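Asks: Pasted the sequence and its predicted model underneath.
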Amino acid sequence: MELVYLWIKKYKNIDSQGFNFSPRFEFDYDEKTSKLTKVRDDSKTYKSIFSDKINITAIVGENGSGKSSILKSILQIKDFPNDYIVVYKENDTIFYNSNIEKNINIINADVTKDVNNDLLRNTISYDKFSHIMDSYRYYKTINISMQSIINILVSNQVKERNFKISSFMYIPTTIKITYKEPEKLINQFISLCNSLIQKELVDYFLSIDEDRFHQFLIIEYIRNNNQTKDIGICKNLDKLKKYFENELPSFLKKFIKFNVEKIFNFLEEKEKIEYYTNEVYFDYFEYELIDDKDNCYDDLTHGEKNIFGQLLNIYLYTERDDNLLFLFDEPEIALHPQWQKKYLMEVIQLLKKMDKKYHFIFTSHSPFLLSDLPKENIIFLKKDKKTGECLNVTKETELNPFGANIHTLLSDGFFMSDGLMGEFAKGEIEDIKKFYEKVKKSRNPTRSYLKRYKENIINFKYIQSIIGEPFLQTIIKNYLDELELIFSSDKTLINKRLEELDKEKRYLESLRND
């Protein structure tokens, strides 16, 4: 499935705006004439740098320009509160759907009405809050929590184990399960207790480390008593045993079972894994995922785990289905710049291996991702400074990010409209510049200027000495040298500077006379 065009009458800061998502087509909707026109069709001649089956679209812009709003509007399309038009391509057919009551005149296009509004049927969404699963959604979601990853691996859908899902790990074949250490165990469950007794209970729990079964019963008591207030019963093993009198034999067997390290094969021991990873017991254990090359999930960096979780979800969905639309809202969040650079390569390589039809749309604040995309695969947004409305400025934008230097992309207004320097450093340097300019404008600097100069010159000189950009450091030094002359009472220093200027003047005159 490929999303081709979206027009929105009103959604958050989007007002009567159209967006083209495909480099193969260009559509335009005229609200006044109700005409939906196919302006361009390059489907027969366009050559994708990724694959003919893959389209990747990035939505970029400054903060608050409407990037996330576009994705959210797509995900609400079945119940969209305002007028919209959506055009998408599935296999060889272009469909459109709309809730506009007027008859839409289709110009220069062979488009089929989507009477079922089926766009979300094959849509998968991921954002930075994707650990929250909502069952009412029409679309599918991606979850990268450890429990979700294990559920994917234990499912029958993932059968090809000798599959390199990323540049750093294959699909895990085995899982090692160990009972959590006391400190991690109590911290996992202590939030269920009354806040007034939490610290006291944690201290007691850790003090009985030699009696792990007592600790186990305390955890079971906490789980069975929401907002536990009675710390006395937790401190008395006999009372706890009396409280669990009927369940005690099964609890003892369970505890003995939990305390033994287990290693299971995902394909051959599904039911055993499900016992230890169900919602009832999941928080009791530590899990280690291991692939055929002995790569361990726990050895991955935070960024690698984040990417691996996303890729594994993509793999699951693409193994099941074709013609998928992926909507990822800021997938690079929390990734180190080094992994932001590699992110799209990892996604593209996986999608190529699957060899099916996909459209991958993502929003981003990161220029690192953009340098892997041609201009025709990017939607550029800006925020109107007066109204705050979303402006689609794709056609007016000359920036071509593909292969561009990251500093060039950073300096562009879509990412850093007010420069690349940190605000604190910028403020310190600006203070020197502003003081210099005020002194220069005053032909006879007042005592207040002299006083401020004496109070700040040590700090000014220190700031100048630690500036990392050589050219800027030289400029600020020149400012300070000139200020020193202006406020100096040392005639020797002034005469020396006059000699330097006279020497420079004679040199320039010699160049002019040659």
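Replies: That came through, no problem.
Asks: Can you name the helix or strand that the closest residue to Asp30 other than its chain neighbours falls in?
Replies: Of all residues not flanking Asp30 in the chain, Thr37 sits nearest, at 7.3 Å (Cβ to Cβ, 6 or more residues apart in numbering). C-beta: built from backbone N, CA, C; applies to glycine. Assigned by DSSP states H and E, Thr37 belongs to strand 35-41.
Asks: So which elements touch that strand?
Replies: Under the contact criterion of 3 or more Cβ pairs under 8 Å, 6 or more residues apart in numbering; DSSP states H and E, strand 35-41 touches strand 25-30, strand 105-107.
Asks: What are the contacting residues of the helix or strand just after it?
Replies: The helix or strand immediately downstream of strand 35-41 is strand 54-61, counting by DSSP H and E. Contacts with strand 54-61, where a contact means Cβ atoms under 8 Å, 6 or more residues apart in numbering, come from 2-3, 21-24, 48, 50, 67, 70-71, 344, 347-348, 351-352, 357-365, 369-370, 373, 377-383, 414-415.
Asks: returning to what we had before: tell me the gap between the strand holding Thr37 and the middle of its chain.
Replies: Remark: strand 35-41 is offset 34 Å from the chain centroid, using Cα atoms, centre = their mean, to the nearest Å.
Asks: quick one on the thing from earlier: out of the helices and strands packed on strand 35-41, the one nearest Ile77 is which?
Replies: strand 25-30 (15.3 Å; Cβ to Cβ).
Asks: what residue is smack in the middle of the chain?
Replies: By Cα atoms, centre = their mean, the chain has its centre lying nearest to Ile333, at 2.4 Å.
Asks: Can you give me the pLDDT of it?
Replies: Ile333 carries a pLDDT value of 84.
Asks: give me the low-pLDDT residue ranges for the protein?
Replies: Counting by pLDDT under 70, the chain contains low-confidence ranges at 128-136, 156-161, 407, 410-421, 443-446, 489-498, 514.
Asks: Okay, angle between the strand holding Thr37 and strand 25-30 too, please.
Replies: Taking axes from the mean of the first three to the mean of the last three Cα atoms, to 10 degrees, strand 35-41 and strand 25-30 form an angle of 160 degrees between their directions.
Asks: quick one: buried residues of stretch 257-267?
Replies: 258, 262, 264, 266 (16 or more other Cβ atoms under 10 Å).
Asks: which one among these gets closest to Glu279?
Replies: Nearest to Glu279 among these, with distances taken as Cβ to Cβ, is Phe258, at 15.8 Å.
Asks: Quickly list what the nearest residue in space to the closest one that is not next to it in sequence is bridged to.
Replies: Using Cβ to Cβ, 6+ apart and skipping residues adjacent in sequence, the residue nearest Phe258 is Tyr179, 4.8 Å away. Beta-bridge partners recorded for Tyr179 (DSSP bridges): Phe285.
Asks: Could you verify my assumption that Tyr179 touches Ile256?
Replies: No: taking Cβ atoms under 8 Å as the definition, Tyr179 is not a contact partner of Ile256, at 10.5 Å.
Asks: Show me which of these two is the more surrounded one.
Replies: Tyr179 (20 against 11; other Cβ atoms under 10 Å).
Asks: residues touching that one, list them.
Replies: Here Tyr179 is in contact with 185, 258-259, 284-286 (criterion: Cβ under 8 Å, 6+ apart).
Asks: so of the contacts of strand 54-61, which ones are in strands?
Replies: 2-3, 358-364, 378-383 (DSSP state E).
Asks: ok, which pair from those is furthest apart?
Replies: Tyr358 and Lys383 (30.2 Å).
Asks: Tell me which of those two has more neighbours.
Replies: Higher neighbour count among Tyr358 and Lys383: Tyr358, with 27 against 18, using other Cβ under 10 Å.
Asks: give me every residue that touches that one.
Replies: 1, 53-55, 318, 323-326, 351.
Asks: again with Asn456
Replies: Contacts for Asn456 (Cβ under 8 Å, 6+ apart) come out as 431, 435.
Asks: Any idea how far apart the tips of stretch 163-177 sit?
Replies: 23 Å (Cα to Cα, to the nearest Å).
Asks: got the contact list for it?
Replies: Contacts with stretch 163-177, where a contact means Cβ under 8 Å, 6+ apart, come from 150, 153, 158, 160-162, 261-267, 273, 276-277, 285-293, 295, 297, 300, 304, 307-308, 311-312, 315, 342, 345-346, 349-350, 353.
Asks: what do you get if the cut-off is 7 Å, keeping everything else the same?
Replies: 150, 153, 158, 161-162, 261-266, 273, 276, 285, 287-293, 295, 297, 300, 304, 307-308, 311-312, 315, 346, 350 (Cβ atoms under 7 Å, 6 or more residues apart in numbering).
Asks: now do stretch 463-473
Replies: The contact list for stretch 463-473 (Cβ under 7 Å, 6+ apart) reads 428-429, 432, 476-477, 480.
Asks: Kindly recompute the last result at 10 Å.
Replies: For stretch 463-473, the external contacting residues (Cβ atoms under 10 Å, 6 or more residues apart in numbering) are 420-421, 425, 428-429, 431-432, 456, 474-480.
Asks: Repeat that for stretch 189-209.
Replies: With Cβ under 10 Å, 6+ apart, stretch 189-209 has contacts from 181-183, 185-187, 214-215, 218-232, 234-235, 237, 283-284.
Asks: When you filter these down to buried only, what's left?
Replies: 182, 185-186, 214-215, 218-222, 225, 228, 231, 234-235, 284.
Asks: nearest to Ile8, of those residues?
Replies: Sorting those by how near they are to Ile8, with Cβ to Cβ, puts Tyr284 at the top with 47.5 Å.
Asks: one step back: max pairwise distance over the contacts of Tyr179: which two?
Replies: So, the contacts of Tyr179 by Cβ to Cβ: farthest apart are Asn259 and Glu286, at 12.7 Å.
Asks: Among the helices and strands packed on strand 35-41, single out whichever gets nearest to Asp79.
Replies: Closest among the helices and strands packed on strand 35-41, using Cβ to Cβ: strand 25-30, at 20.7 Å.
Asks: CA atoms only for that closest one - export them in CSV, please.
Replies: Extracted as CSV, the C-alpha positions of strand 25-30 are listed here (Å, rounded to 0.1, in the frame of the first residue of the first chain):
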residue,chain,number,x,y,z
PHE,A,25,2.3,11.0,-8.4
GLU,A,26,1.2,14.5,-7.6
PHE,A,27,-2.4,15.3,-6.8
ASP,A,28,-4.1,18.6,-5.9
TYR,A,29,-7.5,19.4,-4.5
ASP,A,30,-9.2,22.8,-5.2
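Asks: tell me which residues of that strand are tucked away?
Replies: 25-27, 29.
Asks: what does stretch 389-396 give?
Replies: Neighbour-count burial for stretch 389-396 [16+ other Cβ under 10 Å]: 389-392, 394.
Asks: Where do the helices of the stretch 301-450 of the chain begin and end?
Replies: 302-320, 337-354, 367-370, 406-410, 423-441, 447-466 (DSSP state H, counting those that start in this stretch).
Asks: Just list the residues touching Tyr436, thanks.
Replies: Going by Cβ under 10 Å, 6+ apart, Tyr436 touches 460, 476, 478-480, 482-483, 486.
Asks: now swap in Lys78 and tell me
Replies: 97, 99, 116-121, 137-139.
Asks: Domain map for the chain?
Replies: With domains defined by automatic domain parsing, the chain comprises 2-142+322-410, 423-513.
Asks: what's the offset of stretch 35-44 from the middle of its chain?
Replies: Centroid separation between stretch 35-44 and its chain, computed with Cα atoms, centre = their mean, is 33 Å.
Asks: Equivalent analysis for stretch 380-398, please.
Replies: 22 Å.
Asks: quick one: contacts of it?
Replies: For stretch 380-398, using Cβ under 10 Å, 6+ apart, the contacting residues are 8, 11-20, 26, 58-67, 69-70, 363, 375-376, 378-379, 399, 401, 412-414, 417.
Asks: now those residues: which count as buried?
Replies: By neighbour count, with 16+ other Cβ under 10 Å, the contacts of stretch 380-398 hold 8, 11-15, 17-20, 26, 58-62, 65-67, 69-70, 363, 376, 378-379, 401, 412, 414 as buried.
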